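Visitor: Sequence below, structure please.
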Amino acid sequence: MKNFKIENETNNITVHASAKEAEAFPDCERFGTEAALAKLAANWPAARLVEIWNSLPGATPVNKFKDRATAVSRIWKAIQSLGLAEAVAVGESAPETAQPEAVIPESLAPDTATPVAPQAPDVAPEPAPAKTKTPRAKKAPQSATNPGTPRDGSKTSQVIAMLKREGGSTLEEIVTAMGWLKHTTRAMLSAGGSLRKKHGLIVTSEKVGDQRRYSIKG
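Guide: The predicted structure is shown next:
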């Protein structure tokens, strides 16, 4: 039987060969069955379940689940694809030597996922009549700033600056400076968060003493 641990601070989920091995890590919660996961999740905010799902490899991001039981069932089925040899941690970038991520079957995708709009048929438009003079298209104005760069002075740019400084920053430091909730900050720093999706930045984390520090290299 697989034994899982989930870190309270980062929501990283790792597979272990035995319960004893999983219990060797501090500040974590452990489970080996769907019922055990449901018991742990009973004390979690609904937002944490959404954050965990959105960080899973191949999962279709959602804003909410219709109920807690559905969230637990989806997450439990999805993490069965995590292998012992890979020990893939949810929410952190996999190393270059890791095996390809398992794709979540469509049957596991939550009902609340936003459908993708169908593409328009690739048909060339009919040419304009010969007598009609086609007006010259105006050049679109160029954006004043790089679309991947956050606005100066915004909270996002402040967080990026904290992560790029020497030694990075802790979750608590960012929460205090920005006035955000912990789960909101974790979601931003995760592999599926806005820093990666909107700005192409990869956030790394490491344990320094009793604290976990987050940073952006370069």
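Visitor: To which secondary structure element is residue 76 assigned?
Guide: helix 68-79 (DSSP states H and E).
Visitor: err, residue 205, not the other one
Guide: Here residue 205, judged by DSSP H and E, is contained in strand 204-208.
Visitor: Quick one: the strands in the chain, in order.
Guide: 3-7, 13-16, 28-31, 169-170, 204-208, 211-215 (DSSP state E).
Visitor: what would the ones you listed look like in JSON lines with mean pLDDT?
Guide: Output for the strands of the chain, formatted as JSON lines (pLDDT from 0 to 100):
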{"stretch": "strand 3-7", "mean pLDDT": "89"}
{"stretch": "strand 13-16", "mean pLDDT": "88"}
{"stretch": "strand 28-31", "mean pLDDT": "91"}
{"stretch": "strand 169-170", "mean pLDDT": "90"}
{"stretch": "strand 204-208", "mean pLDDT": "85"}
{"stretch": "strand 211-215", "mean pLDDT": "87"}
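Visitor: and of the ones you listed, who's closest to residue 196?
Guide: For residue 196, the closest of the strands of the chain is strand 204-208, at 11.4 Å, according to CB to CB. Where you see a C-beta, it was placed from the backbone N, CA and C, and this is true even at glycine.
Visitor: what pairs with that closest one, and is each one parallel or antiparallel?
Guide: Strand pairing for strand 204-208, using DSSP bridges, gives strand 211-215 (antiparallel).
Visitor: how far out from the middle of the chain is the partner strand?
Guide: Distance of strand 211-215 from its chain centroid, counting by CA atoms, centre = their mean, to the nearest Å, is 17 Å.
Visitor: rewinding a little: other residues contacting the strand holding residue 205?
Guide: Applying CB atoms under 8 Å, 6 or more residues apart in numbering, the contact partners of strand 204-208 are 10, 92, 93, 167, 189, 212, 213, 214, 215, 216, 217.
Visitor: Just give the closest residue to residue 181, not the sequence neighbours.
Guide: residue 175 (7.3 Å; CB to CB, 6 or more residues apart in numbering).
Visitor: hey, where'd the helices end up in this structure?
Guide: Using DSSP state H, the helices assigned to the chain run over residues 19-22, 34-41, 46-55, 68-79, 155-164, 171-178, 182-189, 194-197.
Visitor: hang on, the earlier thing: just want the angle from the strand holding residue 205 to helix 182-189.
Guide: Taking axes from the mean of the first three to the mean of the last three CA atoms, to 10 degrees, one finds strand 204-208 and helix 182-189 inclined to each other by 130 degrees.
Visitor: And strand 204-208, what's buried?
Guide: residue 205 (16 or more other CB atoms under 10 Å).
Visitor: next one: stretch 167-187
Guide: Neighbour-count burial for stretch 167-187, with 16+ other CB under 10 Å as criterion, is recorded at 168, 169, 170, 171, 174, 178, 180, 183, 185, 186, 187.
Visitor: hmm, which of the contacts of strand 204-208 are the buried ones?
Guide: 10, 92, 189, 212, 213, 214, 215, 216.
Visitor: pretty sure the third one contacts residue 195?
Guide: Pointing back at residue 189 there. Yes: using CB atoms under 8 Å, residue 189 is in contact with residue 195, at 6.7 Å.
Visitor: Could you list the low-pLDDT ranges of the protein?
Guide: 84-135, 137-147, 218 (pLDDT under 70).
Visitor: And the residue most central in space within it, how close does it get to residue 184?
Guide: Nearest to the geometric centre of the chain sits residue 192, at 2.4 Å (CA atoms, centre = their mean). Here residue 192 is placed at a distance of 14 Å from residue 184 (CB to CB, to the nearest Å).
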